[in-house]
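Student: task: produce atomic coordinates for the following.
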Amino acid sequence: MNNEREPVFSRESISQAIHQYLTVDQRYTEKHTLAFQLLSQANELERERKLCEMTLIRLMQAKELTQIIEENLMLSLQVVDEEVVIHGEDEIPKRFTATQTISELDMKSIYQALQKGETIPGAHLEQLQVINVKKTA
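Tutor: The predicted structure is shown next:
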């Protein structure tokens, strides 16, 4: 027999816990949204930067320039390692295709088997609990 008693929480401690949860949840949501927006902006800026770089390279090549010296900066056109550019993936011979096998657990079939009462070593069903917050008035 277990002599430990369930902790008794006062109404005030529950109110404090709710307030803290809502505060942290709101901050998390704001930061998560901000992170997504920043990532989108960073990706857009990277695309724009690449387009500007390609335009500048074409201009320098057209004028046969290897260097541009402006106030406080010097741009140099330098040759770096070669890069493969695929412009027709369907045209590439099969011998240049690598096949990868990825194994992953079939969570749906594991869930269904456990629900039917089957014992699966390394897996079990567990009732999840989450907080559902609905704003009222």
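Student: when you work out contacts or count neighbours from here on, use the C-alpha atoms and nothing else.
Tutor: Fine.
Student: residue 12 - that's part of a strand, no?
Tutor: No - Residue 12 is assigned helix when assessed by DSSP: H, G, I helix; E, B strand; the rest coil, not a strand.
Student: just give the number of residues close to it.
Tutor: Look at residue 12: counted by other C-alpha atoms under 10 Å, it has 9 neighbours.
Student: try residue 104
Tutor: Other residues close to residue 104 by other C-alpha under 10 Å number 6.
Student: now the helices for the chain?
Tutor: Using DSSP state H, the helices of the chain run over residues 11-62, 107-115.
Student: from what I can see residue 74 touches residue 68, true?
Tutor: Yes - shown here, residue 74 and residue 68 form a contact pair, counting by C-alpha atoms under 8 Å, at 5.7 Å.
Student: for the helices of the chain, give me a markdown table that also has distance to residue 125 and mean pLDDT.
Tutor: Shown next, in a markdown table, are the helices of the chain (distance: least, C-alpha to C-alpha, whole Å; pLDDT from 0 to 100):
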| stretch | distance to residue 125 | mean pLDDT |
| --- | --- | --- |
| helix 11-62 | 27 | 93 |
| helix 107-115 | 7 | 95 |
